[in-house]
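Trainee: Generate coordinates for the sequence data below:
(one chain, ligands or ions: 2)
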Amino acid sequence: MRQQWNPENSNIYRGYFPVVPGEPSRKEAFGCGRDVKEDDPTVSKTNWFYEKSTWPVEDGTLPFKEFLQGQYECMHEACMELLRLCAIGLGIPEESLTDLFNPNPCSTFRILHYPPWVGEPPAIAMLEDGKVVTTPEHTDSDFMTLLTPFHFGGLEVMQANGTWAEVNTRPGSLIMNIGDTFSRMLGGRFKATRHRVLDIGEDRYSVPFFLSPKFHGDIGINFLSQYTEDGDAHVPERFGPWVLYTMKHKKKYFEYKVLPEFEDV
Ligand SMILES: O=C(O)CCC(=O)C(=O)O
Ligand SMILES: [Fe+2]
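Mentor: Ligands and ions are numbered 1, 2, ... in the order given. Predicted structure coming up:
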């Protein structure tokens, strides 16, 4: 469990977080990343984006750590392939987006459990039409998300006309969401997907892979003009400080409320 909920633990960012009463987001989750090399000189010790993933003790019945680490790499590779296709579609060199994730992406692979509301949900979770959320509407702050929803319903996306549409899940398929980082770099040419999760009245599980650039990756605006020599000049900006500011001051998700500041230059 993260330090926020168990002061005996040193992990701040990776690991388990519990259901928090009174929050409109009703979920518990375990998240892991790809560990950086112990002595990587490019990674500051105070940078908790790169803290080592923490793992539960295993009893041998399920290779939990090995399975999740394997799935992380599988999802990472799928994202790289999708980004090569995006680059081709945007008319820029094939590896111009994948470079942002090499060698130390800040991505998180998360397994999520949404228990149904028990009793009356807090007013903050209720929608006007009587629906109840277990995750309020939001866009993901990352670059791109690949989501495994299994057969569970409950996920809704906002359409271009401003109305909500239910996502029909197909077991064996993935859902791809564009995140704020990618959308902002492209001046909104790819739109960040606004989405929310509704209470389905029973336990719900989903597995998102939040693809995030390396801490020093340049995610500045007008990204394309570096290649097209067209439009306003690119403004370099590092992913880490930008997303930290967004998470702490703009989005204020309960699971990130107490993230400490750090200097990493
Ligand atoms: O559980 C889902 O279907 C979506 C999860 C989600 O939107 C998120 O964790 O950001
Ligand atoms: Fe999301």
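
Trainee: what does the stretch 51-200 of the chain put close to ligand 1?
Mentor: Counting by Cβ under 6 Å from any ligand atom, the stretch 51-200 of the chain comes close to ligand 1 at 112, 135, 140, 147, 149, 155, 195, 197. All C-beta atoms are positioned from the backbone trio N, CA, C, and that covers glycine.

Trainee: what's the most distant pair in those?
Mentor: Asp140 and Pro149 (14.4 Å; Cβ to Cβ).

Trainee: can you count the residues close to the closest residue to Asp230 other than its chain neighbours?
Mentor: Nearest residue to Asp230, sequence neighbours excluded (Cβ to Cβ, 6 or more residues apart in numbering): Leu224, at 7.6 Å. Leu224 has 19 neighbouring residues, counting by other Cβ atoms under 10 Å.

Trainee: what do you get for Glu94?
Mentor: Glu94 - counted by other Cβ under 10 Å - has 12 other residues nearby.

Trainee: Could you check which residue of the protein lies nearest ligand 1?
Mentor: Proximity to ligand 1, evaluated over the chain using Cβ to the nearest ligand atom, is greatest for Ser206 at 3.4 Å.

Trainee: Can you pull the phi/psi pair for that residue?
Mentor: The phi/psi pair for Ser206 (degrees, to the nearest 10) reads phi -150, psi 160.

Trainee: Start and end of stretch 131-140, how far apart?
Mentor: Start-to-end span of stretch 131-140 (Cα to Cα, to the nearest Å) is 22 Å.

Trainee: got the buried residues for it?
Mentor: 132-135, 138-140 (16 or more other Cβ atoms under 10 Å).

Trainee: Could I get the full set of helices for this protein?
Mentor: 64-90, 180-185, 225-228, 239-245 (DSSP state H).

Trainee: can you list contacts of the third one?
Mentor: Counting contacts by Cβ atoms under 8 Å, 6 or more residues apart in numbering, the residues outside helix 225-228 that touch it are 91-93, 96, 231-234.

Trainee: now stretch 121-138: how far from the chain's centre is it?
Mentor: 21 Å (Cα atoms, centre = their mean, to the nearest Å).

Trainee: Report the mean confidence score over that stretch.
Mentor: The pLDDT scores in stretch 121-138 average 92.

Trainee: what residues does that stretch touch?
Mentor: Under the contact criterion Cβ under 8 Å, 6+ apart, stretch 121-138 has outside partners 22-27, 114, 116-117, 154, 158, 194-199, 204, 251, 253.

Trainee: Taking these, please make a ChimeraX selection of just the buried ones.
Mentor: Per 16+ other Cβ under 10 Å, the buried members of these correspond to this ChimeraX selection:
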select :23,24,25,26,27,114,117,154,158,194,195,196,197,198,199,204
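
Trainee: Go through the contacts of stretch 121-138 and flag which are in strands.
Mentor: Among those, the members falling in strands (DSSP state E) are 114, 158, 195-198, 204.

Trainee: With pLDDT added, can I get these in CSV?
Mentor: What follows is those, written out as CSV (pLDDT from 0 to 100):
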residue, pLDDT
Tyr114, 97
Met158, 97
His195, 98
Arg196, 97
Val197, 97
Leu198, 96
Arg204, 98
